[in-house]
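Novice: no letters, just coordinates:
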């Protein structure tokens, strides 16, 4: 067996292991057990604030299910088991932004010579794999949420010497060779993301955000009213902003990010998943201009998403 065959065999084995792990972590039994343990711990330690938080989330889920049909996508796309050494000359920057103590830093399971990991934070983060970069003071003055979004939406500015950039939320761990996802960025925008696994409508997502207490309800309502007045269509499509893969050599990608950033700032809701569909539509494009990394960010062989 030569080196190429061995590499492909090991990649295949890692894929199978990651897929089985993802299925387990997203199984009904595991999630139910996790909720029961959290609820029991909160009661045992008399942490009534946490008990109320858990109950509120459960009631919110029940209310949303009364309004929306949940049909969670469980398809895991298969990516060609190619010898990614052909991409060795392409430099890839994986980056995250963590402010305060919102998320711990997740070390990648696997690394390659042409893939570098960067963490942006307002304070030093110790890591064997992540290169620390301080968030500029002028960006931090925007506040934690907008500072995160600024870093998230400006990969071309942050990584001028790289060919690709992969943003991951702080609660995401890289568990496989993500270089195979490069081809997903071969679309108009040069950007690829996961499809939303539960909804395809901005208006439904806005209602879910309000029920879960994600973002400012008043600003979300105002944002939705504004989009309706401009005839933004329902079921236009919806993406997860948890992982964003971008081609930094595609001249369109910074334009898409800038449009997205402007819309987020104007809406004031701080919900980037709401601002994205409208920013695409208002620019005269449809959701196919954004490439797809898969149907479900929680069920895939490349990334593992943990609870905040």
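Specialist: Ah, there it is. These numbers come from a predicted model, not from an experiment. Numbers count the residues shown, from 1 in each chain.

Novice: can you tell me the SS state at residue 300?
Specialist: coil (DSSP: H, G, I helix; E, B strand; the rest coil).

Novice: okay, it and residue 14: tell me how far apart.
Specialist: 13 Å (Cβ to Cβ, to the nearest Å). Backbone N, C-alpha and C define where each C-beta goes, glycine included.

Novice: now do the nearest residue to residue 19 once chain neighbours are set aside, the pLDDT please.
Specialist: Excluding the flanking residues, the one nearest residue 19 by Cβ to Cβ, 6 or more residues apart in numbering is residue 301, at 5.2 Å. We note a pLDDT of 92 for residue 301 in this prediction.

Novice: ok, residue 301 touching residue 174?
Specialist: No. In this structure residue 301 lies outside contact range of residue 174 using Cβ atoms under 8 Å: 11.1 Å.

Novice: and the strands in the chain?
Specialist: Assignment of strands within the chain using DSSP state E yields the ranges 92-97, 115-121, 130-134, 164-168, 172-174, 191-195, 239-247, 291-294, 303-305.

Novice: of all the ones you listed, which lies closest to residue 229?
Specialist: Among these, the nearest to residue 229 by Cβ to Cβ is strand 239-247 (23.3 Å).

Novice: orientation of that closest one relative to strand 164-168 in degrees?
Specialist: Interaxial angle of strand 239-247 relative to strand 164-168 (axes from the mean of the first three to the mean of the last three Cα atoms, to 10 degrees): 150 degrees.

Novice: where are the low-confidence patches of this protein?
Specialist: Along the chain, the model assigns pLDDT under 70 to residues 1-4, 38-40, 42-44, 46-86, 102, 308.

Novice: how does it divide into domains?
Specialist: 3-67, 84-195+293-305 (automatic domain parsing).

Novice: quick check: the residue nearest to residue 15 when sequence neighbours are not counted vs residue 294, distance?
Specialist: Leaving out its chain neighbours, the residue that sits closest to residue 15 by Cβ to Cβ, 6+ apart is residue 301, at 4.4 Å. Per Cβ to Cβ, residue 301 is found 9 Å from residue 294.

Novice: need phi/psi at the residue nearest to residue 19.
Specialist: Per-residue torsions, residue 301: phi -90, psi 0 (degrees, to the nearest 10).

Novice: and residue 300 and residue 14? Which one has more around it.
Specialist: Neighbour totals were compared for residue 300 and residue 14, and residue 300 leads with 24 against 16 (other Cβ atoms under 10 Å).

Novice: ok, and the closest non-adjacent residue to that one?
Specialist: Using Cβ to Cβ, 6+ apart, the nearest residue to residue 300 is residue 294, at 4.9 Å.

Novice: thought that neighbour was touching residue 195?
Specialist: Yes. Taking contacts as Cβ under 8 Å, residue 294 lies within contact range of residue 195: 7.2 Å.

Novice: the more surrounded of the two?
Specialist: Ranked by neighbour count (other Cβ under 10 Å), residue 294 and residue 195 place residue 294 first, with 25 against 20.

Novice: which helix in the chain runs the most residues?
Specialist: What stands out as the longest helix in the chain, according to DSSP state H, is helix 3-25.

Novice: next, the buried residues of that one.
Specialist: 7, 8, 11, 14, 15, 18, 19, 22 (16 or more other Cβ atoms under 10 Å).

Novice: what is the nearest of these to residue 218?
Specialist: Nearest to residue 218 among the buried residues of helix 3-25, with distances taken as Cβ to Cβ, is residue 22, at 36.6 Å.

Novice: quick check, the closest one in contact with residue 298.
Specialist: Yes. If you go by Cβ under 8 Å, residue 22 and residue 298 touch, sitting 6.8 Å apart.

Novice: look up how far residue 227 lies from the residue nearest to residue 19.
Specialist: For residue 301 relative to residue 227 (Cβ to Cβ), the value is 35 Å.

Novice: equivalent analysis for residue 126, please.
Specialist: Taken as Cβ to Cβ, the span from residue 126 to residue 227 is 43 Å.

Novice: more neighbours: the two, which one.
Specialist: Set side by side, residue 126 and residue 227 show more neighbours around residue 227, with 23 against 7, by other Cβ under 10 Å.

Novice: which non-adjacent residue is nearest that one?
Specialist: Closest residue to residue 227 apart from its sequence neighbours, by Cβ to Cβ, 6+ apart: residue 278 at 5.5 Å.
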